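Peer 1: 3D model of this:
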Amino acid sequence: MSQSVLLKAALLGTQRCDDFSIAPHAQLEATWKALAEQPDRSAALLQAAALEDMALRAGRRATSVELPSACQAETQPYIPVAAARAAWDLMRGPFSQLLIEWINVARAGGYIVTPRLLPAMLEFGRANVNMRLAVADIVGSRGRWLAAQSETWAWLDSHADMQVDGAWWQTGTPSQRRAWLEQQLKLDPQQAAESIGQSWPGDSPDMRESFAELVADYPHAAHEDWLQQRALKDRRQATRRFATKALMQIPGSDFRVRAEQRALSLLTVKSKLLGRTQLLFNPPDHFDSQWLEDGIREKPPTGTGAKAFWATQMIAAIPLQAWSSLLEHDDPFSLTIDPDWADTIVAGWQQAASLYPHAGTLALLLKRLAKHDTVNSLYQALEPLLSPLEPNEVADLLEPLKLSDEQRLMLLRQFLPSLNANRHLVLHRVASEWPGTAASRNVSKADAIALAGCCDRQQIATLLERISTFTDLSASGEEFARALEYRHNYLKHFVEPNESR
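Peer 2: Model prediction:
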């Protein structure tokens, strides 16, 4: 039984999927036969999963093998032994969120991790895309050698500092093909476009999505044809979305011209008496079949009007920063809108903000949302708008908004490990005063740990001293203090003499 069969049985239920006939390895055939005869199918499934996991961990003896080339010698110092122990504790303990800081500190010091930590670090990089570049810098030559032996860690190929092989496009792994393509997108966009166009029909859906995503980061006129003719017609929605993003960033592309014409047919600025201006909305009368070629869907979801559905897609196709020049107005998001269509227009703008992240223009849109929405509806709208931005951009955008400390921490949760609270007034206030307030009782322990992770390391001792004066700490406040103390203990290991081994 393969992992996919086990997963299928777990999802569908053993009464509908109970095939225990095929063992994952010859040595497990007798055990699998016994499992198949058990009356309790659920218990048998759990035992099979445990055995499968153990077998995968143990591996198997190869019948024949070609020995890989030797690993290059390391040129960077290993982290201190005490720092390595701290990393193990972070991975297995309650403060795993602080591992991000640990990695960044090790990277800044020019250290590499000890061999024992390599598998865990490579797994961490596989699971945390945003940390891959940092992890690649601390695994050293041995980590790159180890990753080359396993497709599971192939992500390192595109992040490690290595020479790209020209044969990778034809014979490489998916991550090697992506690395080759990224290099070509920078050096020779025309060659990159031709290569994608030729390989597209035979590529897997995952590979096609990966190419479209990468080209959206390196838009060029050479890609217009295959993006329009192939990617925009792909069956996978994510691939079509990346194709739209790439085409909209190619100046003068036919797709962009059509999208802007549709947008201007919907929205116009009209000056009224006494200097007031208004944003007029002209909904589409019918669905034009040619819109399908540009990725606009015709059938709305249940509960949504057809005209509103079409218009939202048209507005969402335009980057927020383009509206100012299109409508010839410095801040079109501040204009008065027909209340009957305001939700439709703003929904389109919000979708555009997620697809084309731009902190400066998003700040203008947030002013409108803060003015017209309740605090709770503003909070609900913020998360998808903020996720594509850089941590400091997010903290700056949230600074003037009227949100509770609990809501602010929830929105900043994923960004806190990369922030310094001293750079942001509200965040600094929360870190300094929050643990001793009643509001701390409404914050989860996970958010408390994340907040502790962004406090300036030079002020940890001061914060701990301040917290010691609070007479009544909530459970989250206590967790905040423990996380600060834990940071204080492991950070000092990086400034002590190197006890490498």
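
Peer 1: the nearest residue to His223 once chain neighbours are set aside and Asp294, how far apart?
Peer 2: Distances taken as Cβ to Cβ, 6 or more residues apart in numbering put Ala193 closest to His223, at 4.8 Å, once the chain neighbours are dropped. The C-beta positions use only the backbone N, C-alpha and C, and glycine is treated the same way. Separation of Ala193 from Asp294 (Cβ to Cβ, to the nearest Å) stands at 20 Å.

Peer 1: how many other residues sit next to the nearest residue to Leu491 once chain neighbours are set aside?
Peer 2: In space, and not counting its chain neighbours, Leu491 is closest to Arg457: 5.7 Å by Cβ to Cβ, 6+ apart. Each residue near Arg457 was counted by other Cβ atoms under 10 Å, and the total is 14.

Peer 1: same deal with Tyr356?
Peer 2: So Tyr356, with other Cβ under 10 Å, has 22 neighbours.

Peer 1: can you read off the pLDDT for the residue nearest to it when sequence neighbours are not counted?
Peer 2: Nearest residue to Tyr356, sequence neighbours excluded (Cβ to Cβ, 6+ apart): Pro319, at 3.8 Å. In this model, Pro319 is scored at 94, pLDDT.

Peer 1: can you count the residues close to Pro319?
Peer 2: 18.

Peer 1: over to the one 4 residues further on?
Peer 2: Trp323 has 22 neighbouring residues, counting by other Cβ under 10 Å.

Peer 1: for the host helix or strand of Gln190, output the C-alpha coordinates as CSV.
Peer 2: Using DSSP states H and E, Gln190 sits in helix 189-199. The C-alpha trace of helix 189-199 is given here as CSV (Å, rounded to 0.1, in the frame of the first residue of the first chain):
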residue,chain,number,x,y,z
PRO,A,189,14.3,37.1,-22.4
GLN,A,190,13.9,36.2,-26.0
GLN,A,191,15.6,32.8,-25.6
ALA,A,192,13.7,32.2,-22.4
ALA,A,193,10.4,32.9,-24.2
GLU,A,194,11.2,30.5,-27.1
SER,A,195,12.2,27.8,-24.7
ILE,A,196,9.0,28.0,-22.7
GLY,A,197,6.9,28.1,-25.9
GLN,A,198,8.6,24.9,-27.2
SER,A,199,8.3,22.9,-23.9
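
Peer 1: using the three-state scheme, assign Gly166.
Peer 2: coil (DSSP: H, G, I helix; E, B strand; the rest coil).

Peer 1: quick check: it touching Trp180?
Peer 2: Yes. Here Gly166 reaches Trp180: they are 7.5 Å apart, a contact under Cβ atoms under 8 Å.

Peer 1: if you count what's nearby, which of the two comes out ahead?
Peer 2: Looking at Gly166 and Trp180 with other Cβ under 10 Å, you find the greater number of neighbours at Trp180, namely 22 against 11.

Peer 1: and the average pLDDT for stretch 405-423 is what?
Peer 2: Here the average pLDDT along stretch 405-423 is 79.

Peer 1: residues of the helix or strand encompassing Trp226 that come out buried?
Peer 2: Assessed by DSSP H and E, Trp226 sits inside helix 224-229. The neighbour-count check on helix 224-229 (16 or more other Cβ atoms under 10 Å) flags 224, 226-228 as buried.

Peer 1: same thing with stretch 263-271?
Peer 2: 263, 266-267.

Peer 1: then stretch 74-91 to PDB, C-alphas only?
Peer 2: The C-alpha trace of stretch 74-91 is given here as PDB (Å, rounded to 0.1, in the frame of the first residue of the first chain):
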ATOM      1  CA  GLU A  74      33.700  24.000   4.200                       C
ATOM      2  CA  THR A  75      35.200  27.500   4.200                       C
ATOM      3  CA  GLN A  76      32.900  29.100   6.900                       C
ATOM      4  CA  PRO A  77      33.000  28.500  10.600                       C
ATOM      5  CA  TYR A  78      30.400  26.300  12.300                       C
ATOM      6  CA  ILE A  79      28.000  27.900  14.800                       C
ATOM      7  CA  PRO A  80      29.100  27.700  18.500                       C
ATOM      8  CA  VAL A  81      28.100  24.400  20.200                       C
ATOM      9  CA  ALA A  82      25.800  26.200  22.600                       C
ATOM     10  CA  ALA A  83      24.000  27.900  19.700                       C
ATOM     11  CA  ALA A  84      23.500  24.500  18.000                       C
ATOM     12  CA  ARG A  85      21.900  23.200  21.200                       C
ATOM     13  CA  ALA A  86      19.600  26.200  21.300                       C
ATOM     14  CA  ALA A  87      18.500  25.400  17.700                       C
ATOM     15  CA  TRP A  88      17.600  21.900  18.600                       C
ATOM     16  CA  ASP A  89      15.600  23.200  21.600                       C
ATOM     17  CA  LEU A  90      13.800  25.700  19.300                       C
ATOM     18  CA  MET A  91      12.800  23.100  16.800                       C
END
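
Peer 1: so how far is that stretch off the chain centroid?
Peer 2: Distance, stretch centre to chain centre, for stretch 74-91: 27 Å (Cα atoms, centre = their mean, to the nearest Å).

Peer 1: repeat for stretch 383-403
Peer 2: Here stretch 383-403 is found 15 Å from its chain centre; the criterion is Cα atoms, centre = their mean.

Peer 1: now do stretch 69-81
Peer 2: Distance of stretch 69-81 from its chain centroid, counting by Cα atoms, centre = their mean, is 30 Å.

Peer 1: show the average pLDDT along that stretch.
Peer 2: pLDDT averaged over stretch 69-81 gives 92.

Peer 1: what sits up against stretch 451-464?
Peer 2: Defining contact as Cβ atoms under 8 Å, 6 or more residues apart in numbering, one finds that stretch 451-464 is touched by 97-98, 100-101, 409, 416-422, 427, 430-432, 434, 479-481, 483-485, 487-488, 491.

Peer 1: just the buried ones from the residues you listed?
Peer 2: 97-98, 100-101, 409, 416-419, 421, 427, 430-432, 434, 479-481, 483-484, 487, 491.

Peer 1: narrow those residues to those in helices?
Peer 2: 100-101, 409, 427, 430-432, 479-481, 483-484, 487, 491 (DSSP state H).

Peer 1: what's around Ile196, how many residues?
Peer 2: 26.

Peer 1: what's the answer for the one 4 residues further on, then?
Peer 2: The number of residues packed around Trp200, counting by other Cβ under 10 Å, is 17.

Peer 1: distance of the closest residue to it other than its chain neighbours from Ala193?
Peer 2: Computed as Cβ to Cβ, 6+ apart, the closest residue to Trp200 that is not its neighbour in sequence is Arg230, at 5.3 Å. With the distance defined as Cβ to Cβ, Arg230 ends up 11 Å from Ala193.
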